[in-house]
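*Asks:* Quick one, structure for this:
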Amino acid sequence: MAQLIAPSCATDDRGVVISDIVFQANEHTIETLDFKVADQAQLNPEHKHRQAQLEVVDKLYGPLQIGSVAVTRSALNALGATTDGQVLNGENSFFRIASRFFLDSLQFNAADVETHIKLTADANDYRLPTLLFEIASQRSRSARPLLRANLAVQTEAGSYHNILEKLLKSAQGLDPHQFAQTSLNWVNKTKSQILIPTGLGLQAFGIYSGLRGLQDAIRNKDDYQTLFNGASVAAEVASLGVEALVTRQATQMIRAGQRSLGDFAKTTFATRLARGSGLIASVLTLPFDIVSAVDAFKAAANASGKAATDHYVSAALSVTSAAMTLTIGLAALAGFSSAGPVGLAAGLILVVGSQVWGAIRQVDEIDDYITLSAHERLRTGWFAFWTISPDDDIQERYTLAKATAEHTRQLRANALNLLKGPLKDSTEAIVNGRFTVELEQVTYNTWNWWTGEKYQATNTRPKIKDSDDWIDARQGVTLETPGAVIEAAAEHKGIRWYIGGGNDTVFGVENKPNVFHYGSGVKRLRGGAKDDVFVFEGSTSIAPGDEVPAPNRLAGGSGNDTLILAGNPGQGQVPRLGYHIDLEAGQASIITQEGPKSESGQYRHALLEGIEHVEILEGGTHVIKGSAGANIIKSRGNDLIEAGAGDDRIFILGGNNRNADGGPGDDAYVIAHKPGHVSITEDGMGSSVISLDWRADLIESWVIEQGNLVISSCFDGNDWESRKVTLNNVYADTDYPRALQINRLTFTTKDGFHWVPDLPETLEHDSPLVIEAVMVQHGIPRNPAILNDRSERWVAHDKDTSYYVSRLIEFTTLKVRQKSEYCTTLHLDYTHSELTRVEAHYNAYVIQEDGGDTVKYGECGLTLDFGSHRVVLNNLARSDERYSARTKTSGRRAFSALDSQHTFILIMRDGASYRLAIPTPDPARLLNKGFIDKDPVQWKTQAPLSLTPTRKHYAFLQPLDKKPHPMGSQATCAMLTPAVEQTGIEVLTGQGSTYLVHLSPGMTLRLTTPGALAGANPRLPQASTWELDATRLGEVEIKLANNLLQVGTTILHLPAYAEDDLVDQIRVITAQGVVHAVDSLFERVYVTALDGRYFSPPVDPEAALPPELSRLASAQLRVSNMALKDGSPGSLSYHLKARQWTLDTDESRVIAATSLRKTNLCDHHLSLYQDLAREGLSQNPPLDDEALRLLREQCVKWAEGTTLNKSLMLAQAIALSPTFGLELPHWRWLLSPGEIVSRQT
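*Replies:* A predicted model of the protein is given here:
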């Protein structure tokens, strides 16, 4: 039985599967990677059976050719391979050509990979790392990692497993596509096109060399970094810096892995790239109360004792605070139709019942927390029945005791929820600080519901007050540690301390990371040898006249320790302006408008020891100074940052700042996408990486202003806000001409692109100078998904999306699921002048309330008409939560303002772009009961054609091509399967043979034969022939215009030919095998023949022809892919009216259908063989390869027959069953041979 493993592929994209038309087998040579599971003795029977299956398929089809490596299925199995979550077996690897889905879903076991690396006998045999590189580099970015996660095994940070996983993930992220981002007007396209392929090639070579070096390290059990052959390769994967001296970096890498260069050049990835040096730039990744209601009966079902009784009583009586509401509600609950005398009597009985139960339960509740005497119990119960509060002393004792117990229980429950939920993998214990409970008087305004008079009342409520703690946990947290809640321990897990207020002293665990959450009071907190975090969550202000408190003392110990300041300013106190943090001086101060007892306007919050990093969680105005080491600084206010020496990482997460100075060293900045201005200063001595948390297409300009570099960006959501980033003093502050002094800048954008500003060496004048940027690393360009005809697509609410609508699509719909702050760009293949009508559609409904009716808009949308073609946008807007119109006479109010649910940007083919918005109707319409009374109303209105243009220029984008599917130099077929969302154009690349393509509805693909172009080297002797099987699409219309071929809802991009190019032959096969020739040069489509594989001539000569044949103008048509069984030469034709076959070499010959056979059948015509072969492989032992070949020959003969009846199939099957050792009960296909025939045809 197959072993079920977690699904491996992130997307179930089986778009294109290529198989043979003529049976072939790959050659097994001495270079083929072939080995078996290392420990054969430990294999169970099921595994042995699978291994036997794989050996049979390896002999039948030969090894799989994956890039430059031939590998057997047995070897993949020995590496622990799974595909689509299933262990590898004969059925899921029963093919010669590995599909992209197979490569994307393939995963290996890291331990098995390491085992076979160790077993490699030849020190110069690098076929296994080459295989890993080939598979990883050919996988889609959306596929899961090549190494399957093993949650049962904990790996160390520097282990071979982690290094191998890191290298393979980097290889999977490589994209060999050519430079595609050409729509940005500030890109230096010439330099980018040179740097991208060379830089990508150097990056790929670095990863490949790393895999080879890792094999050496594993085999020799030596130090990895030594055998990795140089830090340059490791830096390619892990560093944040960018090497500015491209030639030197390339030279280091080539020398470090000179032996592997030849093998790398043979890989599939390397063959697509030009050889040369290039820039390597690494990616700096930007790091970035559900209340459920449970009804009383469900709660009772999960409770016991008094808790369950409470739930049932609450559900049955529905006790509320208002007596009248209680009476009416209980009468209705009891089944009375009105609150008349009978209803009120029943309600009164239930009210008394509820009051009796309430009195008993209240006394019982108090007795759970404090001990009552008999007199106190009787007196309290009597008071409770008449809804009178207990005596004050009893009430106070009860309140204190209950609050203490409840708070203790809540702290423990919260800790357990955290330890079993979000902190499960990082924290083993939570320690809560001590507390006491006090009572406080609260005055509030209320009113008498009987008289309606307002008055002030007082109430006593419990107040939690943090106590002082003294804990020494340097040796660890145990059950004896006060306030500790402990769950599963692990070496890597840490401790969380929730200390709160009070004057506390805590020594954290020495050998574990500690996270201290503390509030007001004086603290003495000490971490350990790991990375500790100190989080301040208290008030930072002081009441006027109070003494300045003693500073806290925070000692991080060794490790990289962080201070996080989240304190609030409090109320009615001296307001603070912000913090002043000085890591080098070791202190954190509070900046105030008037310093209490302090002339400097500051007082010290904490003395810091061994704190390297700081983060401030709120806005304000702060001063942050770093130390001489590497600091991480996260800022959200209008801050002044001086990071100092060291390789610092500065996060600017607010809108504006005063300045961020990284100081000496290689610094990295992360800038959030918020309106405002950010200022950065660098010294130019080290490398600087600035990561912008927005897409590259939102950058509007790169300008030099007075020696500073200014990057201006915009937002999708509106046209009024902007984001500016200024790099100060890029040019020396001297007389003109000014020399460039900061030239080691690299910018990264959210979509993964890396940019280097193309700065001139000197600045000649003080006028603004617009410059360009050079792309040095390709990212993920914005690629619109393809919308199909007659489709309805839900728009994602948690990310930006982009869609493309072809002008061939007649009707499509987009629907917003919920309100979102994200944006959708809709690229329409029309000019703005082709928009013929805009229609707004509205939906309104009425909510009936006691105070009057409320009218709101429901889902409202737009319809865009382009002649007869239409695009519909549903739920584009609805009512917001503010009413804006009201009638005094009826009391009706209307929420008449429309609130956008999602931002849509409409981008036309001619470059025009618009922000879509629905016009708001007259508010009086919703107030008019004649228009809308009680029932919902829907209506439509023609909207103005003049849409609102966007200030930003949006580029019109067409879908990008996916990685091409090579069809091979022999005749093959491609089975197309539509994805849920087609994210690119499927590309089929021919090599001068004949290809059968089984079309599927709603897909977009491109046909191309690069070797047939006049400039190809080498050039093919002939172009390709494409046979497009549209028989599965039903009755279709075929259209051809501008090299776009539309077959039903399937769209094909045909090659555009130049002079001397060889022209591909394209034929479309529709129902009944009618062949339509496509002439792309003269844009003609005409019937030219019949295809014998799909043509079924009528058996009854008197019967009417099928509609597909009766409409044909020609009475006699040539029939392709059909031949005489006796091998007679010549071409066949069929006369539709005479119902006769004719051979052009012997026209007088009478030809019967039984003397004909079909030719050029692909594996999909032989589905019968596929079923039987899989049945044979499931036998134990499985059928051998010779038996499978013989079985295929017999199935081909069956499928070639132009007539195939059930009795003949059954007779032949019975005759064959002893030959193959199969049992007929397993052959379920025999019960419905008609299905087999239909599947073949």
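*Asks:* just checking, residue 1039 is part of a strand?
*Replies:* Yes. Assignment of residue 1039 by DSSP: H, G, I helix; E, B strand; the rest coil places it within a strand.
*Asks:* Look up the closest residue to it, ignoring the ones flanking it.
*Replies:* Leaving aside its chain neighbours, residue 1039 sits nearest to residue 1046 (4.3 Å; criterion: Cβ to Cβ, 6 or more residues apart in numbering). Heads up, the C-betas are built off the backbone N, CA and C, glycines and all.
*Asks:* and that neighbour, how far is that from residue 806?
*Replies:* 9 Å (Cβ to Cβ, to the nearest Å).
*Asks:* Which one's more surrounded, these two?
*Replies:* Taking other Cβ atoms under 10 Å, residue 1046 and residue 806 do not tie; residue 806 has more neighbours (21 against 18).
*Asks:* list the contacts for the residue nearest to residue 1039?
*Replies:* Going by Cβ atoms under 8 Å, 6 or more residues apart in numbering, residue 1046 touches 808, 1037-1040, 1052.
*Asks:* pretty sure it is in a strand, no?
*Replies:* Yes. Counting by three-state DSSP, residue 1046 is part of a strand.
*Asks:* Looking at per-residue confidence, what score does it get?
*Replies:* pLDDT recorded at residue 1046 is 95.
*Asks:* just to revisit the earlier point, now for the contacts of residue 1046, which sits with the most neighbours around it?
*Replies:* Going by other Cβ under 10 Å, residue 1052 tops the contacts of residue 1046 with 25 neighbours.
*Asks:* Helix, strand, or coil at residue 512?
*Replies:* Residue 512 - assigned by three-state DSSP - is coil.
*Asks:* who are the neighbours in contact with it?
*Replies:* 428, 476, 493-495, 528, 530.
*Asks:* coming back round to it: quick one: which of the contacts of residue 1046 is nearest to residue 955?
*Replies:* Distance to residue 955, by Cβ to Cβ, is smallest for residue 808 among the contacts of residue 1046, at 21.5 Å.
*Asks:* hey, what's the nearest residue to that closest one once chain neighbours are set aside bridged with?
*Replies:* Among residues not flanking residue 808 along the chain, residue 1046 sits closest, at 5.1 Å (Cβ to Cβ, 6+ apart). Beta-bridge partners for residue 1046, by DSSP bridges, are residue 1039, residue 1051.
*Asks:* Could you number the chain from 56 rather than 1 from now on?
*Replies:* Sure, I'll start numbering at 56, so the last one becomes residue 1101.
*Asks:* any idea how far residue 1101 lies from residue 1090?
*Replies:* Taken as Cβ to Cβ, the span from residue 1101 to residue 1090 is 14 Å.
*Asks:* just residue 529 next, same as before
*Replies:* From residue 529 to residue 1090 the distance is 81 Å (Cβ to Cβ).
*Asks:* go on, residue 698?
*Replies:* To residue 1090, residue 698 is 70 Å away according to Cβ to Cβ.
*Asks:* Between the two, which has more neighbouring residues?
*Replies:* Shown here are residue 698 and residue 1090; by other Cβ under 10 Å, residue 698 has more neighbours (26 against 10).
*Asks:* residues in contact with that one?
*Replies:* 680-681, 686, 688, 705, 715-718, 722.
*Asks:* In space, what's closest to residue 731 - neighbours in sequence excluded?
*Replies:* Among residues not flanking residue 731 along the chain, residue 710 sits closest, at 3.2 Å (Cβ to Cβ, 6+ apart).
*Asks:* okay, that neighbour: pLDDT?
*Replies:* 92.
*Asks:* same question, the one 4 residues further on
*Replies:* pLDDT recorded at residue 714 is 96.
*Asks:* give me the element the residue lying closest to it once chain neighbours are set aside is part of.
*Replies:* Spatial nearest neighbour of residue 714, chain neighbours left out: residue 734 (4.5 Å); criterion: Cβ to Cβ, 6+ apart. Using DSSP states H and E, residue 734 maps to strand 731-736.
*Asks:* looking at this, residue 1150 is in a strand?
*Replies:* No. Counting by three-state DSSP, residue 1150 is not part of a strand but coil.
*Asks:* my guess is it meets residue 1188, correct?
*Replies:* No. Judged on Cβ atoms under 8 Å, residue 1150 makes no contact with residue 1188 at a distance of 11.4 Å.
*Asks:* what secondary structure does the spatially most central residue of the chain sit in?
*Replies:* Geometric centre of the chain, nearest residue: residue 197, 8.0 Å, by Cα atoms, centre = their mean. Three-state call for residue 197 (three-state DSSP): coil.
*Asks:* Return the set of residues that bridge with residue 591.
*Replies:* The partner residues for residue 591, given DSSP bridges, come to residue 573, residue 620.
*Asks:* now residue 645
*Replies:* Beta-bridge partners, per DSSP bridges, of residue 645: residue 634, residue 658.
*Asks:* Next one: it, what pLDDT does it get?
*Replies:* pLDDT, residue 645: 87.
*Asks:* Next, the nearest residue to residue 1233 once chain neighbours are set aside: phi, psi?
*Replies:* Leaving out its chain neighbours, the residue that sits closest to residue 1233 by Cβ to Cβ, 6+ apart is residue 146, at 7.7 Å. Phi and psi for residue 146, reported as degrees, to the nearest 10, are phi -80, psi -50.
*Asks:* State whether residue 146 and residue 1230 are indeed in contact, as I suppose.
*Replies:* No. Between residue 146 and residue 1230 there is no contact under Cβ under 8 Å: 9.8 Å.
*Asks:* Those two - which one has more neighbours?
*Replies:* Ranked by neighbour count (other Cβ under 10 Å), residue 146 and residue 1230 place residue 1230 first, with 20 against 17.
*Asks:* Helices of the stretch 456-605 of the chain, start to end?
*Replies:* Counting by DSSP state H, counting those that start in this stretch, the stretch 456-605 of the chain forms no helices at all.
*Asks:* Run through it and note the low-pLDDT ranges.
*Replies:* For the stretch 456-605 of the chain, applying pLDDT under 70 flags the ranges 499, 502-507, 594-602.
*Asks:* how about the strands of it, start to end?
*Replies:* Using DSSP state E, counting those that start in this stretch, the strands found in the stretch 456-605 of the chain span residues 482-487, 490-502, 509-521, 525-527, 539-541, 549-555, 559-562, 569-573, 578-581, 588-591.
*Asks:* what lines up beside the second one in the sheet?
*Replies:* The one in question is strand 490-502. strand 509-521 (antiparallel).
*Asks:* got the domain boundaries for the protein?
*Replies:* The chain resolves into domains spanning 351-445, 709-837, 840-1004, 1020-1213, 1222-1295 when parsed by automatic domain parsing.
*Asks:* any chance of those in JSON lines, plus distance to residue 113?
*Replies:* Converted to JSON lines, the domains of the chain look like this (distance: least, Cβ to Cβ, whole Å):
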{"stretch": "domain 351-445", "distance to residue 113": "56"}
{"stretch": "domain 709-837", "distance to residue 113": "37"}
{"stretch": "domain 840-1004", "distance to residue 113": "38"}
{"stretch": "domain 1020-1213", "distance to residue 113": "20"}
{"stretch": "domain 1222-1295", "distance to residue 113": "8"}
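*Asks:* so of those, which one's packed in deepest?
*Replies:* domain 709-837 (a mean of 19; mean count of other Cβ atoms under 10 Å).
*Asks:* So what does residue 1166 look like in phi/psi?
*Replies:* phi -80, psi -10.
*Asks:* Relative to residue 890, how far out is it?
*Replies:* In this view, residue 1166 and residue 890 are 37 Å apart by Cβ to Cβ.
*Asks:* still on that earlier bit, tell me the SS of the residue nearest to residue 731?
*Replies:* Relying on three-state DSSP, one would call residue 710 coil.
*Asks:* Hmm, it is touching residue 729, no?
*Replies:* Yes. Assessed by Cβ under 8 Å, residue 710 is found in contact with residue 729 at 4.4 Å.
*Asks:* Can you tell me the closest non-neighbouring residue to residue 1121?
*Replies:* residue 1133 (4.1 Å).
*Asks:* wait, that neighbour sits on residue 1124?
*Replies:* No. Applying Cβ under 8 Å, one finds residue 1133 not in contact with residue 1124, separated by 11.4 Å.
*Asks:* If anything else comes up later, I'll come back, but that's it for now.
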